[in-house]
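S.K.: got a structure for you, letters missing:
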């Protein structure tokens with residue numbers, strides 16, 4: 001598989017994984033940091049999708 005196809009395939013799977021993982025989460029759940037030194041789930045997903053924008 002060409003590296004370009006691998007990248008495209010990986011980004012294509014993001015929604016398949018993210019949508020079920022976030023199903024039923026509230027805004028408060030997305031904003032919650034499990035520990036002060038951890039990012040929230042909302043930030044992680046935002047960061048992941050921003051990488052796709054690049």
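M.R.: Now that the structure is in, tell me what you want to look at. Not measured: the values here are computed from a predicted model.
S.K.: Give me the three-state assignment for the residue most central in space within the chain.
M.R.: Closest to where the C-alpha atoms of the chain average out (C-alpha atoms, centre = their mean) is residue 45, at 3.0 Å. Put simply, residue 45 is helix when judged by DSSP: H, G, I helix; E, B strand; the rest coil.
S.K.: Next: residue 28.
M.R.: Going by three-state DSSP: residue 28 is helix.
S.K.: That one - how many residues pack around it?
M.R.: 8 (other C-beta atoms under 10 Å). C-beta coordinates here come from the backbone N, C-alpha and C atoms, glycine included.
S.K.: what do you get for residue 23?
M.R.: 7.
S.K.: How much space separates it from residue 31?
M.R.: 17 Å (C-beta to C-beta, to the nearest Å).
S.K.: Equivalent analysis for residue 17, please.
M.R.: Taken as C-beta to C-beta, the span from residue 17 to residue 31 is 21 Å.
S.K.: biggest helix in the protein by residues?
M.R.: Secondary structure of the chain read by DSSP state H shows that its longest helix is helix 3-22.
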